[in-house]
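# no sequence on this one, just coordinates:
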C-alpha cells in the first residue's frame, strides 16, 4: 500500500521546528529531508527515521524495524502526533548524519 500525500504533509508539518522539511516521492513511497539531509522514509503511512547512536541513546524504547523488505532497520515512530519526540529525534539524527564523513561515489 503506497503512502498518501496528506499523511506526508502532516508529518512534515509536525516536524517544522526541526528545520526545512521536504519530501521526495520514491518508488511509491516518500523520502524525507531536513535541511537537505536525507533522514527518514514514509512507507505505508508510517514514519521511519534512520538509526544513529545519538537517536538510539536518547530514545531507547522506540522500536527499530525495517520500513520495507530488505531494508536496514530504522526507528519506527508510531505516534506521529507526538511532535516533541519527533522533533527531538529528527534534530539528533540530522546532526549525527551531518557530522558523518561524506561517502565518496565510485
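Perfect, thanks for sending it. As the structure is a computational prediction, the values presented were derived from the model and not from experiment.
# Return the per-residue confidence for the residue most central in space within the chain.
Among the residues of the chain, the one closest to the centroid is residue 40, at 2.4 Å (CA atoms, centre = their mean). With respect to pLDDT, residue 40 scores 97.
# Helix or strand: which one has it?
Applying DSSP states H and E as the criterion places residue 40 in strand 37-43.
# That strand: partners in the sheet, and parallel or antiparallel?
Sheet pairing of strand 37-43 (DSSP bridges) gives strand 29-34 (antiparallel), strand 46-50 (antiparallel).
# Return the residues in contact with residue 48.
Contact analysis of residue 48 by CB atoms under 8 Å, 6 or more residues apart in numbering lists 40-42, 65, 67, 74-77. Heads up, the C-betas are built off the backbone N, CA and C, glycines and all.
# The same query, at a cut-off of 10 Å, please.
Applying CB atoms under 10 Å, 6 or more residues apart in numbering to residue 48 gives the contacts 29, 32, 39-42, 63-68, 71, 73-77.
# Could you report the distance from it to residue 77?
7 Å (CB to CB, to the nearest Å).
# same check, this time on residue 24
Residue 24 sits 19 Å away from residue 77, going by CB to CB.
# So which of those two has more stuff around it?
Neighbours per residue (other CB atoms under 10 Å) separate residue 24 from residue 77, with residue 77 holding more: 22 against 11.
# in the strand holding residue 40, what counts as buried?
Neighbour-count burial for strand 37-43 flags 37, 39-43 (criterion: 16 or more other CB atoms under 10 Å).
# returning to that earlier point: can I get the strands paired with strand 37-43 in TSV including mean pLDDT and distance to residue 82?
Shown next, in TSV, are the strands paired with strand 37-43 (pLDDT from 0 to 100; distance: least, CB to CB, whole Å):
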stretch	mean pLDDT	distance to residue 82
strand 29-34	96	16
strand 46-50	97	11
